[in-house]
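[1] Need the 3D shape of this:
(chains A, B and C)
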Amino acid sequence: MSRYTIGQVERKTGLSQRQIRYYEQKGVVRPERTAGGHRLYSEDDVARLQSLASFLARGYTLAQALAALQARPARRRVEELPAKEGFVRPEAPSLYPLVGRDQFLRRLRERERDDEPGQDG
DNA sequence: TTTCTGACA
DNA sequence: TGTCAGCA
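    Modelled structure (predicted):
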């Protein structure tokens, strides 16, 4: 499995090194360390950070993006998650309470018609 | 040259 | 979150 330095992850995700380290503190990723203490990120770490960046780009607050990431710990498709769970509305995440999975998917698809697709769903 | 931690704004 | 210092 390939590993990436923070500099490589910075280029792949568009996030700053400062942000990447901060999100590690928040528990988003748990990179390995070299003997010298340098971080080594896995493909999965990069994917999670790309998802986070995608959520932030869509207007989610950091708290909402983190919550959304926790709702999908391992690259699970939204369709596979319990319909009962709450999801952040894709069209204006900071203005509304959580909605059900099906409504989330419907709104997301409506939004994706006129919006550019993100890195991740 | 790149990354690390800690700290300030 | 950006940025700087001082290391390894």
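
[2] My read is that residue A:39 contacts residue A:17, right?
    No: applying C-beta atoms under 8 Å, one finds residue A:39 not in contact with residue A:17, separated by 9.6 Å. Where you see a C-beta, it was placed from the backbone N, CA and C, and this is true even at glycine.

[3] which bits of chain A sit near DNA strand B?
    By C-beta under 7 Å from any atom of the strand, the residues of chain A that approach DNA strand B are A:5, A:6, A:7, A:8, A:10, A:17, A:18, A:21, A:37, A:38, A:39.

[4] Can you add secondary structure and neighbour count and give these back as a markdown table?
    Shown next, in a markdown table, are the residues of chain A next to DNA strand B (DSSP: H, G, I helix; E, B strand; the rest coil; neighbours: other C-beta atoms under 10 Å):
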| residue | secondary structure | neighbour count |
| --- | --- | --- |
| A:5 | coil | 15 |
| A:6 | helix | 18 |
| A:7 | helix | 11 |
| A:8 | helix | 14 |
| A:10 | helix | 17 |
| A:17 | helix | 13 |
| A:18 | helix | 10 |
| A:21 | helix | 14 |
| A:37 | coil | 6 |
| A:38 | coil | 12 |
| A:39 | strand | 20 |
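
[5] ok, those residues vs residue A:66, which is closest?
    Taking C-beta to C-beta as the measure, residue A:21 is the one of those closest to residue A:66, at 15.1 Å.

[6] mind checking pLDDT for that closest one?
    pLDDT, residue A:21: 93.

[7] cool, and residue A:89?
    At residue A:89, pLDDT is 71.

[8] On the three-state scheme, residue A:29 is what?
    coil (DSSP: H, G, I helix; E, B strand; the rest coil).

[9] dump the residue contacts of the closest residue to DNA strand B within chain A.
    Proximity of chain A to DNA strand B (C-beta to the nearest atom of the strand) peaks at residue A:7, 2.3 Å away. Listed by C-beta atoms under 8 Å, 6 or more residues apart in numbering, the contact set of residue A:7 reads residue A:17.

[10] can you pull the buried residues of the helix-or-strand element of chain A with minimal mean pLDDT?
    None of the helices or strands of chain A scores lower by mean pLDDT, DSSP states H and E than helix A:101-114, at a mean of 73. By 16 or more other C-beta atoms under 10 Å, the buried positions in helix A:101-114 come out as A:101, A:104, A:105, A:107, A:108.
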